[in-house]
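Trainee: here is my input; please provide its structure:
(2 chains)
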Amino acid sequence: MEASLEISPGRVYEVLEGVKDPEIDSISIMDLGMVVEVTTVGNNVKVVLLPTFLGCPALEIIKKNTINAVKELPEVKDVQVEFVFHPPWTSDRITERGHVNLRKFGIAPPPRQIEADGSWHIECAYCGSTYVTMENVFGPTACRSILYCKSCKNVFEAMKPVSTLM
Amino acid sequence: MNENETVMSQEYKEAITSLLFQLADDDFLYAYRGSEWLGLAPHIEEDVASSSISQDSMGHAAMFYKLLEDLGVGNADDLAHSRPALDRKNSVLMERVNGEGYYMETPLYDWAYQVVRSYFYTQAKKIKIDSLCESSYSPLADTAVKVRMELYYHRLHWETWFKQLLSSTDVAKKKMDEAIKKVMDDFGDVFSYGNEKLLIEKSRLISSEESLRDKWNASIEPVFAALQMEVPKISDKPTKNGRNGEHTQDLVEALHTLSEVYKFDPIATW
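Mentor: The predicted model follows:
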């Protein structure tokens, strides 16, 4: 007789560490702070995610990859993934490890602090210099900006800061 | 969502549905017209920026259509692609072509018009979104909080263009003045709720038309003052009111083009 093994949310979180951003494969959805809740009932799992940017075309891929990854757990029967807007995703949700993993990919992490006048400071993803200029606040994907480092003379990208204070 | 459905009165649901169609159709057409600039914007960085803004705005439209889907009004993709011009609730301003010509052939698009339309609309959208953050319908309020963060960058972008072109050469200034006139001719229905005015306003979903209009005026007044210009007046009697399904041939043609691929295979998964 087979014992009915209930799945624990902890196991699911471990698996979610392996679900990467399809456009930045060094960073997981956990690093990005997209996972807001994991609940399990018996062998069924529900994962609640926060969309980063509303028009991000990667969201559907992330949903599919999340379902597939969780289904890899042998005890899991049904997986549901839902996107919610509350709490709103902000760039402060990216973890410290997320910051490290973004740099690995050559993307500067978003600034932790935005000044009272709305300005913010970013360090070059390659050399760490703060002697940088903003080339374009809009970049190749909705969440990225394009900057130029005057120290090491490289163009680099940075995660765009988004905050409810804006 | 089920909880909401059971306690929601028929009248309240009608008000939300009407308002959501107006918001969704505005962003849908705005994003579509923006996307027609792809490859045609004045320089490469602008191409990246406007495409990004169009993509965000299409995302906002998708969220509003999704809220309609959650209310049981229909499938979000269908609502976006399959409704004829007569059923559309967008402001006439959003459907207007970018200029003469067709983007695949000889587009003679008017960048001044795009800048003015985008700046005035984005500023109007910000006023609405600020109000929607306090909406009595919480799924809409949550969406608005998210939209507001992205809108911050759009507004900044278009305001920069607006100020710079109006502080530029005589030719630029003349083109901008003409564009402002053209945009204002269609601005009368931007803050209109059409025939649903009473229904929407009493549902506390969003502020009144008048209050939004006043806030829009106040919000752009400093920009106009710095340029030594007067804020143009919004007409309270639009020649056509898109909120009541009154539209131009431009919309009919836009819908034909944008739904071509969708209609080719409506059950395809994207």
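Trainee: show me what contacts residue 125?
Mentor: Unless you meant another one, I'm taking chain A. A:Leu102, A:Arg103, A:Gly106, A:Ile107, A:Ala108, A:Phe156, A:Glu157, A:Ala158 (CB atoms under 8 Å, 6 or more residues apart in numbering or on different chains). (Glycine included, C-beta is placed from N, CA and C.)
Trainee: hmm, I had chain B in mind actually
Mentor: B:Asp26, B:Asp27, B:Leu151.
Trainee: which parts of chain B are strands?
Mentor: B:99-100, B:108-109 (DSSP state E).
Trainee: nearest to A:Val15, out of the ones you listed?
Mentor: strand B:108-109 (48.7 Å; CB to CB).
Trainee: contacts for that closest one, please.
Mentor: Against strand B:108-109 from outside (CB under 8 Å, 6+ apart): B:Glu36, B:Trp37, B:Leu40, B:Asn98, B:Gly99, B:Glu100, B:Gly101, B:Tyr103.
Trainee: turn these into JSON lines, including pLDDT, neighbour count and distance to B:Gly59.
Mentor: Putting the contacts of strand B:108-109 into JSON lines (pLDDT from 0 to 100; neighbours: other CB atoms under 10 Å in any protein chain shown; distance: CB to CB, whole Å) gives the following:
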{"residue": "B:Glu36", "pLDDT": "95", "neighbour count": "21", "distance to B:Gly59": "18"}
{"residue": "B:Trp37", "pLDDT": "96", "neighbour count": "22", "distance to B:Gly59": "17"}
{"residue": "B:Leu40", "pLDDT": "94", "neighbour count": "16", "distance to B:Gly59": "22"}
{"residue": "B:Asn98", "pLDDT": "97", "neighbour count": "20", "distance to B:Gly59": "21"}
{"residue": "B:Gly99", "pLDDT": "95", "neighbour count": "16", "distance to B:Gly59": "26"}
{"residue": "B:Glu100", "pLDDT": "93", "neighbour count": "10", "distance to B:Gly59": "30"}
{"residue": "B:Gly101", "pLDDT": "90", "neighbour count": "12", "distance to B:Gly59": "28"}
{"residue": "B:Tyr103", "pLDDT": "82", "neighbour count": "17", "distance to B:Gly59": "22"}
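Trainee: list just the nearest of these to B:Lys197.
Mentor: Of these, the one sitting nearest to B:Lys197 (CB to CB) turns out to be B:Asn98, at 30.4 Å.
Trainee: excluding chain neighbours, what is closest to the closest one?
Mentor: Spatial nearest neighbour of B:Asn98, excluding adjacent residues (CB to CB, 6 or more residues apart in numbering or on different chains): B:Tyr109 at 4.1 Å.
Trainee: partner residues bridging the one you found?
Mentor: B:Gly99 (DSSP bridges).
Trainee: how many neighbours does it have?
Mentor: By other CB atoms under 10 Å in any protein chain shown, 17 other residues sit near B:Tyr109.
Trainee: for chain A, see how far away it is.
Mentor: 20 Å (CB to the nearest CB, to the nearest Å).
Trainee: that residue and A:Ser28, how far apart?
Mentor: From B:Tyr109 across to A:Ser28, the span is 42 Å (CB to CB, to the nearest Å).
Trainee: redo the strands of chain B as CSV? Include distance to A:Asn44.
Mentor: Output for the strands of chain B, formatted as CSV (distance: least, CB to CB, whole Å):
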stretch, distance to A:Asn44
strand B:99-100, 54
strand B:108-109, 52
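Trainee: so what's the gap between the longest helix along chain B and the chain middle?
Mentor: If you go by DSSP state H, chain B has its longest helix at helix B:138-166. A distance of 12 Å separates the centroid of the chain from that of helix B:138-166, by CA atoms, centre = their mean, to the nearest Å.
Trainee: ditto for stretch B:222-229
Mentor: That offset, for stretch B:222-229, works out to 24 Å (CA atoms, centre = their mean).
Trainee: list the buried residues in that stretch.
Mentor: Under the neighbour-count criterion of 16 or more other CB atoms under 10 Å in any protein chain shown, stretch B:222-229 has B:Val223 buried.
Trainee: run through who's touching that stretch.
Mentor: By CB under 8 Å, 6+ apart, stretch B:222-229 touches B:Glu159, B:Phe162, B:Lys163, B:Leu166, B:Ser167, B:Glu230, B:Val231.
Trainee: how close does the fifth one sit to chain A?
Mentor: B:Ser167 sits 21 Å away from chain A, taking CB to the nearest CB as the criterion.
Trainee: ok, and the closest non-adjacent residue to whatever residue of the stretch 151-270 of chain B ends up closest to chain A?
Mentor: Residue nearest to chain A within the stretch 151-270 of chain B: B:Tyr152 (3.8 Å; CB to the nearest CB). The shortest distance from B:Tyr152 to any non-neighbouring residue, by CB to CB, 6+ apart, is to A:Met166 (3.8 Å).
Trainee: residues near the one you found, how many?
Mentor: 16.
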